[in-house]
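Participant: here is a sequence with its predicted model. Questions after.
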Amino acid sequence: MISHRHQCVFVHVPKTAGISIEHVFLAQYGLTWDERAPLLLRFNPDPALGPERLGHLTATEYVDCGHISEAGFNAYFKFAFVRNPWSRLVSEFNYRRYFTQMSFTEFVREGFPEPCNYSDAYRHVLPQCDYLYDDTGRCLVDFVGRFENLQADFDRVCDTVGIPRTLLPHVNASESGEDASASPRPAGAAAAHAAYYDAETRDLVGRLYQRDIETFGYRFED
C-alpha cells in the first residue's frame, strides 16, 4: 500500500492483520474497500508489475516494479507487521480452508502452494523476511510492528504518519479475504496454534521459517 497523502508505504505481510490496517487508511481518503485501487491495493493482471494482489508486494518490488521511485521510497515512512511463524501458518491453513482437503500435518509436509512469485497463495507462505529485506540482508522498512502487540504498535504508526489513533477494525472475512478471527490473544492466554502441532510439524515449520524466528526473536509458545 502506498499513501502519498501520508507519505508512507505499508509492506503487507499476509496474515498480520494487514487488511484491517488498510481499512484505516482507506477511511482517511473516504474510500470503501471496493474503491481501494488508488492506494495500490488492486488486483494485478500483469506479472511484470508484481503478484496477483499488489497489496502483497515485497519492499524491493515497490521500486523494482515501478510503483514508486527509489527516491520516493527512501523518503517515505515504511512500515510492516510480523507474526509468530507457527501461528501465522495456522491462520493461513484456516483462512484458505485447506482443512477441507487435508490435515494440518499433511499441509505442512506436502500441501504448500507451488512456488510462483505471481501466485497470491504462494505469497501467503513466503517467509516474512522475504518481504522486508533485500538480497544483501538490509531491512528496507523503518518500523516493524508485531501482530502480538498490534494496537499499541499501530498507534505508533498513526503518530508517525499524522493520523488519529484508530482502533483497528475486525474486518469481515467475506468482504476482504482477511481471516477476521485471527486476532492477537489476550496477555497470558495459551497459544492457540499449539494444538495444531506435533513434534514433527513444529520442527518442520521451525526450520522452514528459521530466519524469521531468529530475526524477530519468536518462540513456539509466543
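Facilitator: That came through fine.
Participant: what count of nearby residues applies to Glu200?
Facilitator: For Glu200, the count of nearby residues is 11 (other CB atoms under 10 Å). The way it works is simple: take the backbone N, C-alpha and C, and place the C-beta from them, glycine included.
Participant: quick one: contacts for it?
Facilitator: If a contact means CB atoms under 8 Å, 6 or more residues apart in numbering, then Glu200 has Thr105 as its contacts.
Participant: ok, it to Phe99 distance?
Facilitator: Distance from Glu200 to Phe99, counting by CB to CB, to the nearest Å: 18 Å.
Participant: what residue of this structure is the furthest out?
Facilitator: Ala199 (26.2 Å; CA atoms, centre = their mean).
Participant: okay, that one and Val161: tell me how far apart.
Facilitator: To Val161, Ala199 is 43 Å away according to CB to CB.
Participant: how near is Gly55 to Pro115?
Facilitator: Gly55 sits 20 Å away from Pro115, going by CB to CB.
Participant: more neighbours: the two, which one.
Facilitator: Neighbours around Gly55 and Pro115, counted as other CB under 10 Å, are more numerous at Gly55. The numbers are 25 against 9.
Participant: show me where this structure has helices.
Facilitator: Secondary structure of the chain (DSSP state H): helices located at 18-29, 59-64, 70-75, 85-95, 104-110, 120-123, 128-132, 150-161, 173-176, 199-208, 210-216.
Participant: in the last one, what's buried?
Facilitator: Of the residues in helix 210-216, those scored as buried under the neighbour-count criterion (16 or more other CB atoms under 10 Å) are Asp212, Ile213, Thr215, Phe216.
Participant: ok, residues contacting it?
Facilitator: Val82, Pro85, Pro127, Gln128, Cys129, Val144, Arg146, Gly206, Tyr218, Arg219.
Participant: average pLDDT for stretch 57-69?
Facilitator: Mean per-residue pLDDT for stretch 57-69: 98.
Participant: can you pull the buried residues of it?
Facilitator: Residues Leu57, Thr58, Ala59, Thr60, Glu61, Tyr62, Val63, Cys65, His67, Ile68 are the ones in stretch 57-69 that count as buried (16+ other CB under 10 Å).
Participant: send me it as CSV with only the CA atoms.
Facilitator: The C-alpha coordinates for stretch 57-69 follow below in CSV (Å, rounded to 0.1, in the frame of the first residue of the first chain):
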residue,chain,number,x,y,z
LEU,A,57,4.4,-6.5,-2.9
THR,A,58,7.7,-7.1,-1.2
ALA,A,59,9.6,-4.0,-0.1
THR,A,60,12.0,-4.3,-3.0
GLU,A,61,9.2,-4.7,-5.6
TYR,A,62,7.8,-1.3,-4.9
VAL,A,63,10.8,0.2,-6.7
ASP,A,64,11.8,-2.7,-8.9
CYS,A,65,8.3,-3.0,-10.4
GLY,A,66,8.0,0.8,-10.9
HIS,A,67,5.3,1.7,-8.4
ILE,A,68,7.4,4.4,-6.7
SER,A,69,10.8,6.0,-7.5
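Participant: right, I'll leave it there.
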